[in-house]
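Show me how the following folds:
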Amino acid sequence: MIRDNIRDDFPTLKRKVHGKPLVYLDSTATSLKPYPVIEAITDFYANHNANIHRGVYLLSQEATELYERARNRIKKFFSVPEDGEIVFTKGTTESINLVASSWARKRLGRGDVIVLSEMEHHSNMVPWQIVAKETGAEIKYIPVTEDGRLNLEYYGNLLDNNVKIVAVNHVSNVLGTLNPVGRIVEMAHERGAVVLIDGAQSAPHIRVDIEKIGADFYAVSGHKMLAPTGIGFLYAKRETFEEMDPYQAGGDMILEVCLEGATWNEVPYKFEAGTQNMAGVVGFGAAVDYLSGVGMEFIAEHGWGLAREAREELTKLGGITLYGPSEASPGAVVSFNVEGVHPHDVGTILDMEGVAVRTGHHCAQPLMKVLGVSATVRASFYLYNTEDDIDALCRALVKVKEVFNLGT
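Residues are numbered from 1 along each chain as shown. Okay, here's the model as predicted:
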C-alpha cells in the first residue's frame, strides 16, 4: 500500500460540506471507512449472504468460512494467546456490559470493591455503578493528575484484598492519555484482582498485544478502526468464558434444548446468540488487513505527530486552553476550549468552514468536572489526516475569533 495515497481510499473525504472540502477530525467518535472494507461488505451481501453455522448448502458454508476466517485474522492482529478467545459483540459498550452482567453480578457482594478511574467513558462507568447498586459492592476511583494522567501511587494504595475487579481505559477518549496498562494489570494481579481494559481508543492507533498486556478482559470497537458500526469483540481466556453464564439466550448459543432446560454451546458461540452481524465481522477482518498493510507503527507515529503539531499550532493562536498531557500521545486527540466561546458555538462555526470536530462532554462528565469545564472541543486525527487539516482547523478557529471579536 502506498502511504501517500491513503486518502484516496476514503470516499467520504471527497465530499464538500457547506461548499468547502471536508476536514474530518472526529475519528475518536468513529472512523471513516476505506474502499477495501466497503467492498468486502458489499461482496458479502452480493455473493455470500446466508446465515452461518446452520446450513449445509454452499452459500452458508461460504459465509461461515468468511466469518471464522475473519475471527482468526482479528485474533492474530491483536496477538490473542492460544488459550484466549474473542467473542463478537456490538462493540466496547456491549463487551463491558457482558462482563458486568455475566462475570461481576455472580461474583461481587457487599464489601467488595470495583476500581475505575476518573477519566473513564460512561460506558466503562455506568455498568459498574449498576452492578455496585445491585450487589452492594463499592466503587473507588483512581484520580487524574493535573497533567492528565492516572495517579498510580493512589491506585497502589487503593489495591487491597477487597478489590475484585479493575476496569480502566487504555487510551482516554478526551485527553488522548496512553495509560500504562501493563503496569496497572500487574499491580492488580499481585492483589488477586481481575482487570478489564477498555481498548476502544487504543486499538485504532497503536499495536495492541493482548498477550503481553495480560488483562483478563479486553474490549474493542471495530467502527473506530475502519470497520463497520455494530461490531467489536470481548477477549478473555476460554476458561474464564466457560465459567461465565451466557449473556443472552437464543439460537446458536445452545448445544441442546429440551422442555426441562438447555445446555450451552462451546466458547465463543456460547456468547454469540442469534444471527450475528456477519457482514460486520467480514468488514472487521478487512479493516485489520488494511491496518496491517499500512503498519500500526506508522499509524501510531503519524497520529502522535499530528496531535503534537496541532497542540503547537493552537498554542500559537492564543486564547486557547489545552487539556491533557503536553507531549500529546499516539491517541491523536487534542481537546481544547476557545476562551470566551462555548464549545458548541465553536463547533458550529468550524462546521461552516468544513471542519468536523466533536463538542460536548464526550460521554465523560466526571472527567469534565475534574477539568473544571462542562464541555470541550475535541479534534481527533487518524491515518488519513494530514498537516493540511491542522492548517484548516487553525484557519477556522481564526474565523471563530473574528465572529466573537476576540482578536487574533
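
In contact with Phe241, which residues?
Glu85, Val87, Val267, Pro268, Lys270, Phe271 (CB atoms under 8 Å, 6 or more residues apart in numbering). The C-beta positions use only the backbone N, C-alpha and C, and glycine is treated the same way.

again, 10 Å this time
Residues near Phe241 by CB atoms under 10 Å, 6 or more residues apart in numbering: 84-87, 98, 102-103, 217, 234-235, 266-268, 270-271.

between those residues, which has the most around it?
With neighbours defined as other CB atoms under 10 Å, the most crowded of the contacts of Phe241 is Tyr235; it has 29 neighbours.

Just the element for it, please.
strand 232-237 (DSSP states H and E).

farthest-separated two in the contacts of Phe241?
The span of the contacts of Phe241, defined through CB to CB, is set by Phe217 and Glu266 at 19.1 Å.

so where do the strands sit in the stretch 101-250 of the chain?
113-117, 138-142, 163-169, 194-198, 217-221, 232-237 (DSSP state E, counting those that start in this stretch).

and if you look at the stretch 251-400 of the chain?
Taking DSSP E, counting those that start in this stretch as the criterion, the stretch 251-400 of the chain carries its strands at 254-258, 261-264, 320-323, 333-338, 355-356, 358-360, 376-380.

Out of the ones you listed, indicate the one that is most buried.
Greatest average neighbour count among those goes to strand 376-380 (a mean of 27), per mean count of other CB atoms under 10 Å.

Return that strand as CSV; C-alpha atoms alone will do.
Provided in CSV are the C-alpha atoms of strand 376-380 (Å, rounded to 0.1, in the frame of the first residue of the first chain):
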residue,chain,number,x,y,z
THR,A,376,-14.6,20.8,25.4
VAL,A,377,-13.9,20.9,21.6
ARG,A,378,-12.2,17.7,20.5
ALA,A,379,-10.2,17.4,17.4
SER,A,380,-9.1,13.8,16.7
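
okay, the angle between it and strand 333-338?
150 degrees (axes from the mean of the first three to the mean of the last three CA atoms, to 10 degrees).

Over strand 376-380, what's the mean pLDDT, rounded is fine.
Averaged over strand 376-380, pLDDT sits at 98.

residues touching Leu159, list them.
So Leu159 contacts Val113, Val115, Lys140, Val166, Met187, Ala188, Glu190, Arg191, Gly192, Ala193 (CB under 10 Å, 6+ apart).

Tell me the confidence at it?
At Leu159, pLDDT is 97.

still on that earlier bit, now the strand holding Tyr235: mean pLDDT?
pLDDT averaged over strand 232-237 gives 98.

Give me the sheet partners of it and which way each runs.
Neighbouring strands of strand 232-237 in its sheet, by DSSP bridges, are strand 84-89 (antiparallel), strand 217-221 (antiparallel).

what angle sits between it and strand 194-198?
Using the same axes, to 10 degrees: strand 232-237 against strand 194-198 is 160 degrees.

rewinding a little: which of the strands paired with strand 232-237 sits closest to Trp128?
Per CB to CB, nearest to Trp128 of those: strand 217-221, 12.6 Å.

could you give the angle of that closest one to strand 163-169?
30 degrees.

Can you get me a residue count around Thr12?
Using other CB under 10 Å: Thr12 sits among 11 other residues.

pretty sure it is in a helix, no?
Yes - assessed by DSSP: H, G, I helix; E, B strand; the rest coil, Thr12 belongs to a helix.

gap between it and Thr92?
Distance of Thr12 to Thr92, computed by CB to CB, to the nearest Å: 23 Å.

now do Leu116
Distance from Leu116 to Thr92, by CB to CB: 15 Å.
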